[in-house]
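Asks: After the sequence you'll find the predicted model.
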Amino acid sequence: MQAICIFLGVIVACYAATTHKPPHTTHAHANHTQHAHQNHTAHAHNITGPTHEPAETDSITFQFQPLTFHLLVKTHPDKMTYNCYIAALSDSEHAQIHTDAGMRAVELRILAALGSATAVTDVSTLDKHDVTTCTAHFSMQPHYFTITV
């Protein structure tokens, strides 16, 4: 199951990398700056084609930690932020996690609960296996959150 999650994460990353389009910059305007997640409006310069909006990306990785029975959700919403959500699973979710349909059901429940996650201020209260899994392959220290059933 871990291999499937990693494989899906790689596929999503590859797709995101191939669909990135540079911003449209054929004409200059004074004091014009571009920010991620800002609306970009076409200016009235006899544009006959479609407007070009900036590319938007998001990355979410799910990983089941078999030593703690937690589902870890790693998000990288922007260049400066890396979040790791540690979700406790119910007994029935733990039984489902090893099937594709069960994993999808648990992932959807966890995604819906991200907004109500609790920020962790003392990392020493977390299981070391979860912390190690969250920090693997990232050079920056994540912000940790917990999600309970």
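Replies: Done, it's in. Numbering: from 1, shown residues only.
Asks: what about the closest residue in space to His94 that isn't next to it in sequence, neighbour count?
Replies: Nearest residue to His94, sequence neighbours excluded (C-beta to C-beta, 6 or more residues apart in numbering): Phe69, at 5.7 Å. No exception for glycine: its C-beta is placed from N, CA and C like everyone else's. By other C-beta atoms under 10 Å, the residues close to Phe69 number 13.
Asks: for this structure, which spans come out with low pLDDT?
Replies: For the chain, the stretches with pLDDT under 70 are 1-49, 138, 149.
Asks: Strands along that one, start to end?
Replies: 60-65, 70-78, 81-88, 118-119, 143-147 (DSSP state E).
Asks: circling back to that earlier point, report the contact partners of the residue nearest to His94.
Replies: 88-89, 94 (C-beta atoms under 8 Å, 6 or more residues apart in numbering).
Asks: Quick check: of the residues you listed, which has the highest neighbour count?
Replies: Leu89 (20 neighbours).
Asks: and that residue, what are its phi and psi?
Replies: The phi and psi torsions at Leu89 (degrees, to the nearest 10) take the values phi -110, psi 150.
Asks: what sits against it?
Replies: Leu89 touches 69-71, 97, 106, 149, counting by C-beta under 8 Å, 6+ apart.
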